[in-house]
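Asks: Pasting the sequence and the predicted coordinates here, then a few questions.
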Amino acid sequence: MMDPILFVMGVLVLLQTSPNLAMSQSGDGAVRVNFCCPDEEILRLRTVWDNLPTGTLQAECVRKKGAKNILEGIEISVLDSKNNQTEVKRTLAKLGNKMPKCGRGLKITRLHTNLYANATSHFYPYGSGYVRILTDGSHVRLLTDGFTVAFDMSSIIRPAEKVDTEDYCLADTWETDNGDSFDDDNEILALSCDPCLEEVLCYFARIFFNGLTGRRRLLIGGDVRQGVIFDNIVRIGDKNGDNAVNFEEFESKIVDYLKIAFKILDRDNDGSIDEVLTNEAIKEYRLEFFEQILENAVEYFDSNEDTSISTEDFLSVLRFNDRNEDGEVTIYELIGLSLINLPAPLYTAYTLLDEDQDEKLTVDEMFGFLRRTFTIIDSNGDCNINLEEIVTALGASNLKEDFQLAIQLIGQQYITLAKYFVDGFIAKADSNKDTKVTLEEIVKFADFSFIDRSIQIALSMGYPNGPTFSYLTGGYRRGHGTWREQRDRAVVVWLTTLNTFLDNPVYQSTPPTHCGLAGQGE
């Protein structure tokens, strides 16, 4: 079975000759390429699994008595170099025996050598396109026609992608590590490296994008099958104005977000985030950090682009809540009761957030609420908040001491883990060992072994302490009373604390435009 190998399936291979590498044969040129394995050896493929979402495809040549490469000298149908519509016959010639040296990014494309013979639908079940490979002597150009090309999580063929002749090889016979052998006169394997799969950021962006798009490999705006979430990705990620987002645009948007985070962490503006190695950088969070999160969240969810968030931005998924069928969904229709009937602290929070009570949260209203809240927590006015200040603010709002202790325990657990991961990442990302970590080094980060170990640690130590977390929610039984009584008591504790916190006079004042004591900030 070929499934474990995760092959890309192409339908058509067209090879174009070049006078630069021409070889005389009955008056015609020959196409020179690297063959993966020499005679007496066969290509073996296997998948190695770790904690990452996809396995690593590996290839090697192994001894096999009597094995002979039959690619050299075979006649193939090609396109004439002077006229791409004219079909001619050429022979395949060996440039050498060489396999591409890939880390995690080995890409295997299964090619069909017949021009139109056998080009039936089962070769391209995911679209109406096919793959062409055109050589100009120094490159192999992979071209796609039609809407999509069949591919899997391990590889992707992009339109007009170029692969240097030295960076790919062909094989006519191969086997898998479970003993299955494949030898088809009409099929050839092409091995090359996918640079995206060699970089951590691009690798995970590819997996995320493929998960969103499925077999289509493209997000198209207004597609009823995708819904508001995908529409918003298209709205903010479409850079060329074609009402669609391909992988390159998707990855570019992720890098844009990374640039924002990098700028916030680069406190001394020296183009490096080596300062995150200090304890304070992990323990303290600036107002700008929360403002950037809020700003980008609004940009994403504001479907109608009215600089506010309301049910109007989710009408496509909330239309069934429109009980009176007036084309609008009120909060009452959404939650089934009037806001005034909510617990008093929750209703107070809503009134402080939606100042004009129009059921629309404007950017100014959200930023005002955020800055007031930050001001209350930032007790020393240094434009940063930390775990100690959060616990102190909750304590001043009458949160019980045992609950404060539980928050400290859980918070310290994740701060310690974050410190461990960040220190390790910074050390690995500093590729030139200059003690500086630039944005480019982060984008190009390629140490998958560190990511693999980090996933193991996160899965083992990343869950909150069960009894401690349950203590905060009333799920941990203590003293007398039923489980429901314990839970209700915990709810009362939190609602009482919230009510006291929101009663702070800061919420009745004009929101500060800057952080810091007396409105003096950065």
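Replies: Noted; the coordinates are in hand.

Asks: from here on, contacts and neighbour counts on C-alpha atoms
Replies: Noted.

Asks: Could you export stretch 438-448 as PDB, CA atoms only?
Replies: Below are the C-alpha coordinates for stretch 438-448, written out as PDB (Å, rounded to 0.1, in the frame of the first residue of the first chain):
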ATOM      1  CA  THR A 438      16.400  38.400  15.000                       C
ATOM      2  CA  LEU A 439      13.000  38.100  13.400                       C
ATOM      3  CA  GLU A 440      14.600  36.300  10.400                       C
ATOM      4  CA  GLU A 441      16.200  33.700  12.800                       C
ATOM      5  CA  ILE A 442      12.800  33.100  14.300                       C
ATOM      6  CA  VAL A 443      11.000  32.700  11.000                       C
ATOM      7  CA  LYS A 444      13.800  30.300   9.700                       C
ATOM      8  CA  PHE A 445      13.900  28.300  13.000                       C
ATOM      9  CA  ALA A 446      14.400  24.700  11.900                       C
ATOM     10  CA  ASP A 447      15.300  22.700  15.100                       C
ATOM     11  CA  PHE A 448      12.400  20.100  15.000                       C
END
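
Asks: Wasn't residue 175 part of a strand?
Replies: Yes - Residue 175: assigned to a strand according to DSSP: H, G, I helix; E, B strand; the rest coil.

Asks: What's the local residue count around it?
Replies: The burial count assigned to residue 175 is 18, neighbours taken as other Cα atoms under 10 Å.

Asks: Give me the pLDDT for residue 156.
Replies: Listed pLDDT for residue 156 reads 30.

Asks: just residue 180 next, same as before
Replies: The model's pLDDT for residue 180 equals 72.

Asks: In the stretch 51-200 of the chain, where is pLDDT below threshold?
Replies: The model of the stretch 51-200 of the chain has pLDDT under 70 over residues 76-89, 111-163, 184-186.

Asks: What helices and strands are in contact with the top helix by length along the chain?
Replies: Identified as the longest helix of the chain according to DSSP state H is helix 401-429. Packing partners of helix 401-429 (3 or more Cα pairs under 8 Å, 6 or more residues apart in numbering; DSSP states H and E): helix 279-283, helix 387-396, helix 448-461, helix 466-473.

Asks: mind running it again at 7 Å?
Replies: Judged by 3 or more Cα pairs under 7 Å, 6 or more residues apart in numbering; DSSP states H and E, helix 401-429 is in contact with helix 279-283, helix 387-396, helix 466-473.

Asks: ranking those helices by mean pLDDT, which is last?
Replies: The minimum mean pLDDT among those belongs to helix 279-283 (a mean of 73).

Asks: which residues touch that helix?
Replies: For helix 279-283, contacts defined as Cα atoms under 7 Å, 6 or more residues apart in numbering pick out 275-276, 386, 415, 419.

Asks: buried subset of the residues you listed?
Replies: Buried residues within the contacts of helix 279-283, counting neighbours by 16 or more other Cα atoms under 10 Å: 275-276, 386, 415, 419.

Asks: Of those, just say which sits nearest to residue 294.
Replies: Within the buried ones among the contacts of helix 279-283, distances to residue 294 taken as Cα to Cα reach their minimum at residue 386, with 18.7 Å.

Asks: and the gap between the residue nearest to the closest one when sequence neighbours are not counted and residue 307?
Replies: Excluding the flanking residues, the one nearest residue 386 by Cα to Cα, 6 or more residues apart in numbering is residue 284, at 4.6 Å. The gap separating residue 284 from residue 307 is 29 Å, by Cα to Cα, to the nearest Å.

Asks: Could you dump the buried ones among the contacts of helix 279-283 into a markdown table with pLDDT and distance to residue 450 added?
Replies: Formatted as a markdown table, those follow (pLDDT from 0 to 100; distance: Cα to Cα, whole Å):
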| residue | pLDDT | distance to residue 450 |
| --- | --- | --- |
| 275 | 78 | 21 |
| 276 | 78 | 18 |
| 386 | 94 | 28 |
| 415 | 92 | 19 |
| 419 | 90 | 15 |
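
Asks: Residue 242 - how many residues pack around it?
Replies: With other Cα under 10 Å as criterion, residue 242 counts 10.

Asks: From here on, call the first residue 316.
Replies: OK, 316 is where the count begins now, so the last one is residue 557.

Asks: Tell me the spacing between it and residue 535.
Replies: In this view, residue 557 and residue 535 are 9 Å apart by Cα to Cα.

Asks: Ok, residue 709 next?
Replies: Here the criterion is Cα to Cα. By it, residue 709 lies 46 Å from residue 535.

Asks: and if you look at residue 679?
Replies: 31 Å.

Asks: in stretch 787-806, what's buried?
Replies: For stretch 787-806, using 16+ other Cα under 10 Å, the buried residues are 787-790, 792, 801-802, 805.

Asks: what's the residue nearest the centre of the chain sitting at in phi/psi?
Replies: Centroid-nearest residue in the chain, with Cα atoms, centre = their mean: residue 520, separated by 2.9 Å. Per-residue torsions, residue 520: phi -60, psi -40 (degrees, to the nearest 10).

Asks: Tell me the predicted confidence for it.
Replies: Per the predicted model, pLDDT is 94 at residue 520.

Asks: next one: residue 804
Replies: pLDDT recorded at residue 804 is 91.

Asks: so what's it closest to, chain neighbours aside?
Replies: Counting by Cα to Cα, 6+ apart, the residue nearest residue 804 is residue 789, at 7.1 Å.

Asks: again with residue 664
Replies: In space, and not counting its chain neighbours, residue 664 is closest to residue 817: 7.0 Å by Cα to Cα, 6+ apart.

Asks: what about that neighbour, neighbour count?
Replies: The number of residues packed near residue 817 is 19, by other Cα under 10 Å.

Asks: what's the spacing between it and residue 663?
Replies: For residue 817, the distance to residue 663 - Cα to Cα - is 7 Å.

Asks: Show me what residue 485 is bridged to.
Replies: As for beta bridges, residue 485 partners with residue 350, residue 505 under DSSP bridges.

Asks: which ones are touching it?
Replies: Residue 485 neighbours (Cα under 7 Å, 6+ apart): 349-351, 503-506.

Asks: now these in JSON lines, with distance to residue 775?
Replies: Listed next are the contacts of residue 485 as JSON lines, based on distance: Cα to Cα, whole Å:
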{"residue": "349", "distance to residue 775": "45"}
{"residue": "350", "distance to residue 775": "45"}
{"residue": "351", "distance to residue 775": "41"}
{"residue": "503", "distance to residue 775": "44"}
{"residue": "504", "distance to residue 775": "40"}
{"residue": "505", "distance to residue 775": "40"}
{"residue": "506", "distance to residue 775": "37"}
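
Asks: what's near enough to touch the nearest residue to residue 510 once chain neighbours are set aside?
Replies: Nearest residue to residue 510 in three dimensions, chain neighbours excluded: residue 420, at 6.4 Å (Cα to Cα, 6+ apart). Residues counted as contacts of residue 420 (Cα under 7 Å, 6+ apart) are 508-510, 512-513.

Asks: if we go to 6 Å?
Replies: By Cα atoms under 6 Å, 6 or more residues apart in numbering, the contact set of residue 420 is 508-509, 512-513.

Asks: Which entries within those residues meet the buried criterion?
Replies: Using 16+ other Cα under 10 Å, the buried members of the contacts of residue 420 are 508-509, 512-513.

Asks: Just the ones of those residues in strands?
Replies: Under the assignment DSSP state E, the buried ones among the contacts of residue 420 contribute residue 508 to strands.

Asks: now, which of the buried ones among the contacts of residue 420 sits nearest residue 482?
Replies: residue 508 (7.3 Å).

Asks: wait, isn't that closest one in contact with residue 419?
Replies: No - in terms of Cα atoms under 6 Å, residue 508 does not count as a neighbour of residue 419; the distance is 8.6 Å.
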